[in-house]
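A.B. asks: Any chance you could fold what I've pasted below:
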Amino acid sequence: MALKINAGNLLENRSLTVLSDGVAFCETAFTGGKRHFRFHEIGCILLSPEHKLSFQVGKEVFSIPTKPNDTKHQEVIAAFVSQVQQANGVPIQ
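C.D. replies: Next up is the predicted model:
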């Protein structure tokens, strides 16, 4: 499984890739880089009213804009949430 969201502009690019063993978050800007997290490390996932997907690992928060009408983005979000819930023993509803 490798589902990916790409988002960017002239100053920065971001991507979120849901893999079989975790998630890869890449941010290319003045700071950042590629980071990999296992699903069980993710403590919280939020989707803002502006459709910005954020997740917390320890004290760090990572965010990426999403498109609500993009089927691929919705598939990535659903897979991400499902895998995190399963890794943390949260019942999937």
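A.B. asks: Sticking with F62, tell me its helix or strand.
C.D. replies: Per DSSP states H and E, F62 falls inside strand 60-65.
A.B. asks: tell me the average confidence for that strand?
C.D. replies: The average of the pLDDT scores along strand 60-65 is 95.
A.B. asks: And for stretch 33-47?
C.D. replies: Mean per-residue pLDDT for stretch 33-47: 95.
A.B. asks: For that stretch, buried residues please.
C.D. replies: Neighbour counts over stretch 33-47 (16 or more other CB atoms under 10 Å) mark 37, 39, 41-42 as buried. All C-beta spots, glycine's among them, are computed from the backbone N, C-alpha and C.
A.B. asks: Ok, stretch 47-58 next?
C.D. replies: Neighbour-count burial for stretch 47-58, counted by 16+ other CB under 10 Å, picks out 53, 55, 57.
A.B. asks: Tabulate those (TSV), appending pLDDT.
C.D. replies: Formatted as TSV, the buried residues of stretch 47-58 follow (pLDDT from 0 to 100):
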residue	pLDDT
L53	97
F55	97
V57	97
